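In: requesting a structural model of the entry that follows:
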Amino acid sequence: MSEQSTDLRETVRRRYAAAALQVTGGGSGCCGPQPVETDDNFGSTLYATDERDAVPTEALATSLGCGNPTAVAELREGERVLDLGSGGGIDVLLSARRVGPTGKAYGLDMTEEMLALALANAERAGATNVEFLKGTIEAIPLPANTVDVVISNCVINLSVDKPAVFTETFRVLRPGGRIGVSDVVAEDTLTPGQRGERGDYVGCIAGALSFAEYRSGLEAAGFTDITITPTHSVADGMHSAVVRATKPVRPLG
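Out: Here you go, the predicted structure:
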């Protein structure tokens, strides 16, 4: 990894560690956990009321995503689901409810502070079919063909090695498995420099792939049935999008 990539990853780690500490520090005061400030394009407002009511307030307070991947992944009873960059655990906890006691929801995060908060949130929620893992999304600490569904909420754009994320996601999915991801995606006409002008890396803007780059990255990893559907604008020429794709039952070719 280059020095610049290492620095970017550390910047991302510090930002999300600070977000977790803001919430846990706020919880010791009179008014409960203090939510991390976001605009209307990000955060817990993107979830339905019944979903917000189903998780601890501490999980809502650290919701920094750009969508609701649990709503688009069409999770089914008994499935095993992995959330890349699980943060405070909101999508893991919602996934655990959807897959039920015969299923399992994994959360993967590289930030100690977020993992500690997610574990506490799982305990508050009484969730027993969840497991949180420490690691990076470029090197997922699970065996091949382990999970049915991979979700992620505005995290892949933060990766310093997106081809590795796509390759690792493909590896851990069972044949026939699928992804349901919310992410920020740039219009194809925007250069990387223009994306950087619209927002910084940790703000989920500068590191975003274009629609064409996202599709080609998934195709290179082996995915098929790829759809990338914009849902709302987050900056000029930048969109929150729902990304779906499938790992073929049989190898292509």
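In: so what strands line up beside the top strand by length along the chain?
Out: Counting by DSSP state E, the longest strand found in the chain is strand 173-186. Applying DSSP bridges to the sheet, strand 173-186 is found paired with strand 147-153 (parallel), strand 209-210 (parallel), strand 238-246 (antiparallel).
In: can I get the ones you listed in JSON lines with mean neighbour count, distance to Arg80 and mean pLDDT?
Out: To be clear about C-beta, it is placed using only N, CA and C from the backbone, and glycine gets the same treatment. Compiled in JSON lines, the strands paired with strand 173-186 are given as follows (neighbours: other C-beta atoms under 10 Å; distance: least, C-beta to C-beta, whole Å; pLDDT from 0 to 100):
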{"stretch": "strand 147-153", "mean neighbour count": "26", "distance to Arg80": "5", "mean pLDDT": "95"}
{"stretch": "strand 209-210", "mean neighbour count": "22", "distance to Arg80": "27", "mean pLDDT": "96"}
{"stretch": "strand 238-246", "mean neighbour count": "22", "distance to Arg80": "16", "mean pLDDT": "94"}
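In: possible to save those strands as CSV with distance to Leu190?
Out: CSV is the format used below for the strands paired with strand 173-186 (distance: least, C-beta to C-beta, whole Å):
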stretch, distance to Leu190
strand 147-153, 22
strand 209-210, 7
strand 238-246, 8
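In: now the helices for this protein?
Out: Using DSSP state H, the helices of the chain run over 3-26, 49-53, 57-61, 69-72, 90-99, 112-125, 162-172, 192-198, 211-221.
In: can you tell me the closest non-neighbouring residue to Ala221?
Out: Excluding its sequence neighbours, the residue lying closest to Ala221 (C-beta to C-beta, 6 or more residues apart in numbering) is Phe166, at 3.8 Å.
In: and for the closest residue in space to Val149 that isn't next to it in sequence, the neighbour number?
Out: The shortest distance from Val149 to any non-neighbouring residue, by C-beta to C-beta, 6+ apart, is to Val81 (4.5 Å). Residues lying near Val81 (other C-beta atoms under 10 Å) number 29.
In: let's number from 47 now, not from 1
Out: Shifting the count to begin at 47 puts that one at Val127.
In: mind listing what Val127 touches?
Out: Residues near Val127 by C-beta atoms under 8 Å, 6 or more residues apart in numbering: 119, 121, 141, 145, 149-152, 193-197.
In: hey, least reliable of the helices of the chain by pLDDT?
Out: Per-stretch mean pLDDT for the helices of the chain is lowest at helix 103-107 (a mean of 57).
In: I'd like to know how far Val206 sits from Pro221.
Out: Going from Val206 to Pro221 by C-beta to C-beta, to the nearest Å gives 29 Å.
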